[in-house]
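Student: Quick one, fold the following:
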Amino acid sequence: MQAIEKEQKPLHLPAWLYIAGLLLLKSIYVLSTLEPIDFQSLLYSLFALAPVLFFISFSFLLPQRKSHKYLLVMNFVFSLILFIDAVYARSFGRLISLHMLGATNVLNDLGSSIRSLLRVRDFLLFVDLPVLAWLFAKNRFKLPLRRVPLFFAAFGLATALMLGNYVRLEHYKLLGNYKMLPLYMSPIGNHIYDLYRLTQDRAEELTPERVEVIADWHDDNARFLSPEIEYRSLAGSLKGKNLIIIQFESLENFLIDKEILGNEITPNLNALLDSSLYFSDVIEQVKDGNSSDAELIFNTSMYPIADGSAFLRFGENVYNSLPKILGESGYTSVAIHGDDAEFWNRNTVFPKLGFTRYIDETQFTIAEQMGMGISDEALFGQSLHEIRSLPEPYNFFIITISSHIPFELPEEQKHLTFAEENISTDYLQSIRYVDEAFGRFYRALEQEGILDNAALVIYGDHEGIHKYYKTDLPDNHKQVPFIVHAPGLPSLEITNPGGQIDMMPTLLYLLGADQKLYEDTVMGRNLLGKFSGSPVLPTGELAAPADGWDLLQEALKISDYSIRGKFYERFVME
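Tutor: Residues are numbered from 1 along each chain as shown. Got it, this is the predicted structure:
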């Protein structure tokens, strides 16, 4: 009996202190998925206590049973959010935004990809919940005395700390640095700020002053569209040619023209380099929209928006896009993708971009399923069928999918041999599969004479293995290949550092498009120019030294203003 009485003795510390400490540890775990934790990071992590204390303070106003239930539910909700953060950060290098939490159609389609990013240790975020529930049920915690004064003290202190931190970050212009905000504000504080921004966030009517700022930025950027003297002979070298553009899922630059683990991974892409311009220092610039951001960047030369996906949030926007500029020269633009038409809202966005037709998985003659959608073998087969009947000139945009995470292929589709298999070799196998499918497509184009008057443009949408998993493969430095291939083009490797934002203006230069058609709207530069390109990371930092840094450091903000304010509608007639 004495043992039972001893077991029921209340714990020394109140429940709210245990929960505050547990949520602090959970916040540190989430921060560790973003950056390695050092002493300075641990000090910053103490900011997590302010928002936690803010929410805990309301428990002091409740009677014991309701107070315990409130604390338990609060702990569960925050643990769930931090769990989602940890998995999302592993993929995107940032915490999930409230905009993406609402993108259920995208998240549902990414189910297998998300599962591959889970770690057993992530579930440790929930192990305290049943223990706390048992302790609450046994009344092992006592409510603190003088609860109303404690509420005002905790609420006031937490509010003052959060507001003071906000003012400090605003003063040092750090509120736009999404990579560092979770550290400066804590993960939970970051979501509170995200909620505040969500209430303020909407399509905005641009003020005359902001229109002038955007227009001035483009005026200054126009000088970076001029070509280098040695590349002036390439101006208009693709003029009038049909375009076949391939957005290659998860294609990283380190694979091109290399042997990895004793295997040539992209032999068919490598074979193109003899008559191609190969831009080997182009970085990925996607954010929450991932592949859809790559499509936005390539077709509009606009940076992704600060939070969420432009395709989802501003799907009705119109742009001075590549298809529309090509349309001025009589081009018909068609897009094809072996997935659901509504995925990333493409069925709404692509017509706004100027594509006259979007071919989704329901329109395929052969619909062999693989991974997230129809196999790329079937995709290239359907593409060949469609190209044969297109009026010339045409712009045919192909979006591959079979090399999407988790990089799973049927055994019969694996072409490479490795001493051991792991996620890295799975990635290499998936890239090789798509390369083989592309090779058959290319040979068919060649045999049917389609390539005689066509140019191929190939680029990676974002990193693959290095974006999602730890790997011993060679570093990729966030680079994606950008290859322009056509009969008669010289074999050149251009090492000018740039980003995906520069692909559209570079291609328009090769097509001989009048610069006046796009200089007021593109945010990229000509990679064949005498200046550097735009190697701006999604954080706003530079991946390499670049000319015109004053412009580049404003670029992400200008693009966000422009998309949210529909700046480009003034240049485009639908």
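
Student: show me where this structure has strands.
Tutor: Assignment of strands within the chain using DSSP state E yields the ranges 242-248, 259-260, 263-264, 276-279, 282-283, 332-337, 357-359, 369-370, 373-374, 394-399, 454-460, 482-485, 492-494, 498-499.

Student: any idea which of those is most buried?
Tutor: When you average the neighbours per residue for each of the strands of the chain (mean count of other CB atoms under 10 Å), strand 498-499 leads with a mean of 32. Where you see a C-beta, it was placed from the backbone N, CA and C, and this is true even at glycine.

Student: Sheet partners, orientation included, of it?
Tutor: If you go by DSSP bridges, strand 498-499 pairs up with strand 282-283 (parallel).

Student: contacts for the partner strand?
Tutor: Under the criterion CB atoms under 8 Å, 6 or more residues apart in numbering, residues 253, 459, 477-482, 497-500, 502-503, 527, 533, 535, 537, 543 lie in contact with strand 282-283.

Student: ok, of the residues you listed, which come out buried?
Tutor: Of the members of those, the ones counted as buried by neighbours, 16 or more other CB atoms under 10 Å, are 253, 459, 478-482, 497-500, 502-503, 527, 533, 535, 537, 543.

Student: Quick check: which of the strands of the chain is nearest to D216?
Tutor: Ranking the strands of the chain by proximity to D216 (CB to CB) places strand 498-499 first, at 21.6 Å.

Student: Give me the mean pLDDT for that closest one.
Tutor: When the per-residue pLDDT values of strand 498-499 are averaged, the result is 98.

Student: low-scoring stretches of the stretch 451-574 of the chain, by residue?
Tutor: By pLDDT under 70, the weakly predicted segments of the stretch 451-574 of the chain are 571-574.

Student: What's the local residue count around E228?
Tutor: Other residues lying near E228 total 15 when counted by other CB atoms under 10 Å.

Student: D550 now?
Tutor: The burial count assigned to D550 is 7, neighbours taken as other CB under 10 Å.

Student: before we move on, what about L61?
Tutor: The burial metric for L61, expressed as a neighbour count using other CB under 10 Å, is 14.

Student: show me what contacts it?
Tutor: Contacts of L61 by CB under 8 Å, 6+ apart are 147-148, 151.

Student: What separation do you get for it and A153?
Tutor: Plainly put, L61 is 13 Å away from A153 if you go by CB to CB, to the nearest Å.

Student: Disregarding residues adjacent in the polypeptide, which is nearest to L542?
Tutor: Taking CB to CB, 6 or more residues apart in numbering as the measure, L542 lies nearest to P535, with 5.8 Å between them; neighbours along the chain are not counted.

Student: Now that neighbour: phi and psi?
Tutor: Note on P535: its backbone torsions stand at phi -80, psi 60 [degrees, to the nearest 10].

Student: That one contacts G499, correct?
Tutor: Yes: here P535 reaches G499: they are 5.4 Å apart, a contact under CB atoms under 8 Å.

Student: what is in contact with these two at once?
Tutor: With contacts defined as CB under 8 Å, 6+ apart, the residues shared by P535 and G499 are 283, 543.

Student: per-residue confidence at M100?
Tutor: At M100 the predicted local distance difference test score is 75.

Student: residues touching the closest residue to it other than its chain neighbours, list them.
Tutor: Distance criterion CB to CB, 6+ apart; nearest residue to M100, sequence neighbours excluded, is D288 at 5.3 Å. Applying CB under 8 Å, 6+ apart, one finds that D288 lies in contact with 92, 94, 97, 99-100, 304, 307-309.

Student: which residues touch the closest residue to A444 other than its chain neighbours?
Tutor: Once flanking residues are discounted, A444 sits nearest to L384: 5.4 Å by CB to CB, 6+ apart. Applying CB under 8 Å, 6+ apart to L384 gives the contacts 441, 444-445.

Student: Who wins on neighbours among those?
Tutor: Looking at those with neighbours defined as other CB under 10 Å, the largest count falls to F441 at 23 neighbours.

Student: Next one: that one relative to I558, how far apart?
Tutor: F441 sits at a distance of 38 Å from I558 (criterion: CB to CB).

Student: what does M370 give?
Tutor: 40 Å.

Student: With K324 instead?
Tutor: Taken as CB to CB, the span from K324 to I558 is 21 Å.

Student: who's more crowded, those two?
Tutor: The residue with more neighbours, out of K324 and I558 and counting by other CB under 10 Å, is K324; that gives 24 against 21.

Student: wait, doesn't that one sit right on F355?
Tutor: No: here K324 does not reach F355: they are 9.8 Å apart, not a contact under CB under 8 Å.

Student: List the residues that contact L445.
Tutor: Residues counted as contacts of L445 (CB under 8 Å, 6+ apart) are 244, 384, 387, 451, 454.

Student: Find the least confident helix or strand in this structure, judged by mean pLDDT.
Tutor: For the chain, the helix or strand with the lowest mean confidence is helix 2-7, at a mean of 47 (criterion: mean pLDDT, DSSP states H and E).

Student: pull the longest helix from this structure.
Tutor: helix 64-92 (DSSP state H).

Student: same for that helix, what does it pack against?
Tutor: Using 3 or more CB pairs under 8 Å, 6 or more residues apart in numbering; DSSP states H and E, the elements in contact with helix 64-92 are helix 15-34, helix 49-56, helix 111-117, helix 128-137, helix 187-200, helix 465-468.

Student: got the angle for it vs helix 15-34?
Tutor: On the basis of axes from the mean of the first three to the mean of the last three CA atoms, to 10 degrees, helix 64-92 is oriented at 0 degrees to helix 15-34.

Student: Hmm, V484 and L507 touching each other?
Tutor: Yes: if you go by CB under 8 Å, L507 and V484 touch, sitting 6.9 Å apart.

Student: overlap in contacts of these two?
Tutor: Taking CB under 8 Å, 6+ apart as the contact criterion, the common neighbours of L507 and V484 are 238, 457.

Student: where does the stretch 101-250 of the chain dip in pLDDT?
Tutor: When the per-residue scores of the stretch 101-250 of the chain are filtered using pLDDT under 70, the ranges that remain are 102-113, 143-145, 171-179, 200-203.

Student: Would you mark the buried spots in stretch 397-412?
Tutor: Of the residues in stretch 397-412, those with enough neighbours to count as buried (16+ other CB under 10 Å) are 397-407, 409.

Student: now stretch 43-51
Tutor: Taking 16+ other CB under 10 Å as the neighbour-count basis, stretch 43-51 is seen to contain the buried residues 44-45, 47-51.

Student: where do the helices sit along the stretch 351-500 of the chain?
Tutor: Counting by DSSP state H, counting those that start in this stretch, the stretch 351-500 of the chain forms helices over residues 376-388, 423-447, 465-468, given from the N-terminal end onward.

Student: Let me have these in CSV, adding distance to D340 as columns.
Tutor: Conversion of those to CSV gives the following (distance: least, CB to CB, whole Å):
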stretch, distance to D340
helix 376-388, 14
helix 423-447, 20
helix 465-468, 22
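
Student: Which of those sits closest to L135?
Tutor: Smallest distance to L135 across the helices of the stretch 351-500 of the chain (CB to CB): 38.2 Å, for helix 465-468.

Student: Using PDB, write down the CA coordinates of the closest one.
Tutor: Once non-C-alpha atoms are left out, helix 465-468 reads as follows in PDB (Å, rounded to 0.1, in the frame of the first residue of the first chain):
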ATOM      1  CA  ILE A 465      19.700  12.100 -55.100                       C
ATOM      2  CA  HIS A 466      21.500  15.100 -53.600                       C
ATOM      3  CA  LYS A 467      18.200  16.900 -53.000                       C
ATOM      4  CA  TYR A 468      16.500  14.100 -51.100                       C
END
